[in-house]
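> what's the 3D shape of this:
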Amino acid sequence: MTLKYLPPTISVEQAGELLGISRRSAYRAASTGELPTLRLGRRLLVPTARLLDLLGLSTEQIAEFKVGNPA
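You can find the predicted model right below:
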């Protein structure tokens, strides 16, 4: 996965993967407000722009940043 091509929102699980934390830790962070989320119906989503802000990354910095296994 390349950060440059992330959609406007991602799942809490995907955000946890990007942060290098477990699914449980990601949901715990979402419930305490440490991880920014939006609720749309029953879905809990993480706004990609707010997640990148949280990480201190700009769009220029993520252009070539790759996450996970390079394939």
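> Helices of this protein, residue ranges please.
Applying DSSP state H to the chain gives helices spanning 12-19, 23-32, 48-55, 59-62.
> and those helices as JSON lines, adding mean pLDDT, distance to residue 42 and mean neighbour count?
From N, CA and C alone the C-beta is placed, and that goes for glycine too. Listed next are those as JSON lines, based on pLDDT from 0 to 100; distance: least, Cβ to Cβ, whole Å; neighbours: other Cβ atoms under 10 Å:
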{"stretch": "helix 12-19", "mean pLDDT": "93", "distance to residue 42": "13", "mean neighbour count": "19"}
{"stretch": "helix 23-32", "mean pLDDT": "97", "distance to residue 42": "14", "mean neighbour count": "15"}
{"stretch": "helix 48-55", "mean pLDDT": "89", "distance to residue 42": "20", "mean neighbour count": "15"}
{"stretch": "helix 59-62", "mean pLDDT": "64", "distance to residue 42": "30", "mean neighbour count": "12"}
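> now for these, which one comes closest to residue 6?
Of all the helices of the chain, it is helix 48-55 that lies closest to residue 6, at 4.7 Å by Cβ to Cβ.
> other SSEs contacting that closest one?
strand 9-11, helix 12-19 (3 or more Cβ pairs under 8 Å, 6 or more residues apart in numbering; DSSP states H and E).
> ok, back up a step: would you convert the helices of the chain into a markdown table that also reports distance to residue 6?
As requested, the helices of the chain are exported to a markdown table (distance: least, Cβ to Cβ, whole Å):
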| stretch | distance to residue 6 |
| --- | --- |
| helix 12-19 | 8 |
| helix 23-32 | 15 |
| helix 48-55 | 5 |
| helix 59-62 | 8 |
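> pull the longest strand from the protein.
strand 43-47 (DSSP state E).
> Check which residues of that strand are buried.
Going by neighbour count (16 or more other Cβ atoms under 10 Å), the buried part of strand 43-47 is 44, 45, 46, 47.
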